[in-house]
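Undergrad: From the sequence below, what's the structure:
(one chain, ligands or ions: 2)
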Amino acid sequence: MSTHHAFQAEVAQLLHLVTHSLYSNKDIFLRELVSNASDACDRLRFEALDNAELFEDAPNLEVRVAFDAEAKTLTITDNGIGMSEAEAIEHLGTIAKSGTKAFMSRLSGDQQKDAQLIGQFGVGFYSGFIVADRITVESRRAGLPPEQGVRWVSAGAGEFETEAISRAERGSAITLHLRDDAADYLKRWKLKGIIGKYSDHISLPILMRKEEWDAEKGESVLQDEWEQVNAASALWTRPKKDLSEQQYTDFYETISHDSQAPLCWSHNRVEGATEYTQLLYIPAKAPHDLWNRDKKPGVKLYVRRVFIMDEAEALLPSYLRWVKGVIDSADLPLNVSRELLQESRDVKAIREGNTRRVLALLEDLAKQGTQEAAPADGASADGAAAAAPVEAPVDAAQAEAAEGASTPSEAKDKYARFYAEFGAVLKEGLGEDFGNRERIARLLRFASTASDAVAVSLADYKARMKEGQQAIYYLTADNLAAAKSSPQLELFRKKGIEVLLMTDRVDEWALSFLHEFDGTALQSVAKGAVDLGQLQDEAEKQAAEAAAEQHKPLLERLKAVLADKAADVRMTTRLVDSPACLVVGEGDYSNQLARMLKAAGQ
Ligand code: ADP
Ligand code: MG
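TA: Ligands and ions are numbered 1, 2, ... in the order given. Down below sits the predicted model:
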């Protein structure tokens, strides 16, 4: 004896949309149903903590996906908590979830747009109606007797029916009567592919019948035997101590499609207001499209082990777009969209946590590199940047090993390798992430008049500054050779003052955000007048002033001749051997930046 029930008005509205629209991504229905099955098993496990009898005689929790090509049905079966009749009416007749409610509130009435929205959100159980014109649910709640099972049936219009049935097995079986245009889902490879994409890391086994080639029939035939089709590994949910380097590396390869082992990684469970698991990798090689600022970060988002999306750009700032990894949130709704991600407080906390983690990982790598890069006199810089590199390595190496890098000797040149690949992108952070500017600045390395290798940190530089030197001097140029032969350096050479030589295209732009480092101003030697302050003796200054006076007529004439080419012509102390050089005004773009902006069409 079956009873008719009307859907809650919102459900009816939602179903109308689901059944009358086109879908950008039909496949998501399977993700939703498998994740419901997995949730049901989690709930059983949880309730069984207090009442082990709920397991009855089937303690192995699993999900089975089966199809019947003749009947055109697809069935997802779990042996989880199940539903009583009252629960089926309640849970499958109303929308209680805040995520779906939020989705409903965003509906625009424009069918095309709304349909796209469904694709992004998924609408839980009801997404079954994307591919089915009728859904039958048979279920029995764990702990209830077999005759208290329920059958729930609906064609996805305004109403559904329920009736009591006898069901020996605990848990639920959701049967989709597929629409004619959904016949694709009656193919094993298709279903397996979707499971592999969205549900590979669900911690339960997902089983499908084996398929074997039948030579007589000339086709593949389903067998009675079942086999697991998901990896069910969810490596990131396992404790660090149970995982080997090889496992971490293999996992990196599967998520990044990079055949080279990563440089290092960091794996953490973050608890507190926002709970998530974080597994972040630093690749060894930059991808070819690194410079595309629209490139999205290679971080995958999972919610409780269910895959949500690739390249979740909200999880990392753009200057860290080369980081790969997985974030698994315990708090976000399964149907979160990219737009919602941008607005979520949880996501903001995750993004900040990820940023801090990557910077810390780099700081650790850099610390190990310091032994090589440190200047010969061993003068190590102020506190944090070089942080006692001599004592630290053992600890650092161990911490690093737990975080998954290799031996200390291999680690030594890792920072240099990292920097050669990603250093220039990291610099974008100076302009993008003001909160971490100081930390980013400490991670930067440059060539200088004292080092051809790109190995001088700002802290190294500061530690070597001359008595009385008041600024960190730098020069930007197209390449190292051009930088080194610049006449701008003559005076600095003569005085023995180190100048950082910057040759990345972003340097000029990035450095415009860094006015000082650790209390010392940064100054371009190509801008304005150089005032070496106390480093210049009075006699020199007076000689320059006298020369300016003496050659005034010459300067005036040059100024007149160059009137439309130069803003000013002046006597300078910055040159030693060269007769003249061009400089730009203090607040102006340098030659290099001007060229770069011009090339960028600005
Ligand atoms: P959500 O999973 O986000 O709660 P759904 O629309 O996917 O939303 O499912 C609605 C509700 O239906 C679930 O919360 C659950 O109570 C019930 N449900 C769905 N599928 C199952 C299942 N396989 N076993 C038990 N309960 C289920
Ligand atoms: Mg669900």
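Undergrad: Where does this structure get nearest to ligand 1, residue-wise?
TA: In the chain, the residue that lies nearest ligand 1 is Gly124 (2.4 Å; C-beta to the nearest ligand atom). C-betas here are computed from N, CA, C, even on glycine.
Undergrad: Let me know the helix or strand that the closest residue to that residue other than its chain neighbours is in.
TA: In space, and not counting its chain neighbours, Gly124 is closest to Glu32: 5.5 Å by C-beta to C-beta, 6 or more residues apart in numbering. Element membership for Glu32 (DSSP states H and E) is helix 28-48.
Undergrad: ok now that helix, how far from the chain's centre?
TA: Its chain's C-alpha centre and that of helix 28-48 lie 27 Å apart, by C-alpha atoms, centre = their mean, to the nearest Å.
Undergrad: And for stretch 139-157?
TA: Distance, stretch centre to chain centre, for stretch 139-157: 42 Å (C-alpha atoms, centre = their mean).
Undergrad: Tell me the buried residues in it?
TA: 139-144, 148-156 (16 or more other C-beta atoms under 10 Å).
Undergrad: Pick the one among those closest to Ser512.
TA: Minimum distance to Ser512 across the buried residues of stretch 139-157 is 58.5 Å, recorded for Gly156 (C-beta to C-beta).
Undergrad: secondary structure element for the residue nearest the centre of the chain?
TA: What sits nearest the mean C-alpha location of the chain, by C-alpha atoms, centre = their mean, is Val299, with 3.4 Å. Here Val299 sits within strand 298-303, counting by DSSP H and E.
Undergrad: ok, that strand: who's next to it in the sheet?
TA: Take DSSP bridges as the rule and strand 298-303 pairs in its sheet with strand 306-309 (antiparallel), strand 324-329 (parallel).
Undergrad: what about the stretch 251-400 of the chain, any weak spots by pLDDT?
TA: 257, 293-297, 369-400 (pLDDT under 70).
Undergrad: those helices in it, which residues are they?
TA: Taking DSSP state H, counting those that start in this stretch, the helices of the stretch 251-400 of the chain run over residues 338-343, 345-373, 383-386, 392-403.
Undergrad: With the stretch 501-602 of the chain instead?
TA: Assigned by DSSP H, counting those that start in this stretch, the helices in the stretch 501-602 of the chain fall at 507-511, 538-550, 552-561, 591-599.
Undergrad: Which one, of those, ends up nearest to ligand 2?
TA: helix 507-511 (44.9 Å; C-beta to the ion).
Undergrad: now for the closest one, which elements pack on it?
TA: Judged by 3 or more C-beta pairs under 8 Å, 6 or more residues apart in numbering; DSSP states H and E, helix 507-511 is in contact with helix 414-432, strand 471-476, helix 591-599.
Undergrad: Return the most buried member of these.
TA: Compared across the helices and strands packed on helix 507-511, strand 471-476 shows the largest average neighbour count, a mean of 23 (mean count of other C-beta atoms under 10 Å).
Undergrad: What residues sit buried inside the following helix or strand past it?
TA: Where DSSP H and E defines the elements, the next helix or strand beyond strand 471-476 is helix 480-484. Neighbour counts over helix 480-484 (16+ other C-beta under 10 Å) mark 483-484 as buried.
Undergrad: Return the distance of helix 480-484 from the chain's centre.
TA: For helix 480-484, the distance to the chain centre is 36 Å (C-alpha atoms, centre = their mean).
Undergrad: Kindly export that helix (C-alpha atoms) in PDB.
TA: Taking C-alpha atoms only, helix 480-484 is exported to PDB below (Å, rounded to 0.1, in the frame of the first residue of the first chain):
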ATOM      1  CA  LEU A 480      74.000  40.100 -16.300                       C
ATOM      2  CA  ALA A 481      76.600  41.200 -18.900                       C
ATOM      3  CA  ALA A 482      74.800  44.500 -19.500                       C
ATOM      4  CA  ALA A 483      74.400  45.100 -15.800                       C
ATOM      5  CA  LYS A 484      78.000  44.500 -15.100                       C
END
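Undergrad: any bit of stretch 146-153 sitting next to ligand 1?
TA: No: shown here: stretch 146-153 not in contact with ligand 1 (C-beta under 6 Å from any ligand atom), separated by at least 10.1 Å.
Undergrad: pLDDT of that stretch, averaged?
TA: Stretch 146-153 shows a mean pLDDT of 98.
Undergrad: ditto for stretch 113-128
TA: Throughout stretch 113-128, pLDDT has a mean value of 72.
Undergrad: Start and end of that stretch, how far apart?
TA: 20 Å (C-alpha to C-alpha, to the nearest Å).
Undergrad: What parts of this structure come near ligand 2?
TA: 36, 124 (C-beta under 5 Å from the ion).
Undergrad: Enumerate the residues of the chain near ligand 1.
TA: 32, 36-37, 39-40, 78, 80-83, 91-92, 97, 124-125, 172, 334.
Undergrad: Who is Val306 paired with across the strands?
TA: Val303.
Undergrad: which ones are touching it?
TA: By C-beta atoms under 8 Å, 6 or more residues apart in numbering, the contact list for Val306 reads 31, 35, 38, 198-199, 201-202, 334.
Undergrad: got CSV for those residues, with neighbour count too?
TA: As requested, the contacts of Val306 are exported to CSV (neighbours: other C-beta atoms under 10 Å):
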residue, neighbour count
Arg31, 22
Ser35, 22
Ser38, 23
Tyr198, 22
Ser199, 26
His201, 20
Ile202, 26
Leu334, 19
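Undergrad: will you turn the residues you listed into CSV that also has distance to Arg188?
TA: CSV is the format used below for the contacts of Val306 (distance: C-beta to C-beta, whole Å):
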residue, distance to Arg188
Arg31, 17
Ser35, 21
Ser38, 21
Tyr198, 16
Ser199, 15
His201, 21
Ile202, 18
Leu334, 25
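Undergrad: Let me know the closest of those residues to Glu490.
TA: For the contacts of Val306, the nearest to Glu490 is His201 (61.3 Å; C-beta to C-beta).
Undergrad: Find the closest residue to ligand 2 in the stretch 251-400 of the chain.
TA: For the stretch 251-400 of the chain, C-beta to the ion, closest residue to ligand 2: Leu334, 5.9 Å.
Undergrad: quick one: the closest residue in space to Ala37 that isn't next to it in sequence from Arg45, how far?
TA: Once flanking residues are discounted, Ala37 sits nearest to Asp78: 3.6 Å by C-beta to C-beta, 6+ apart. Using C-beta to C-beta, to the nearest Å, Asp78 is found at 12 Å from Arg45.
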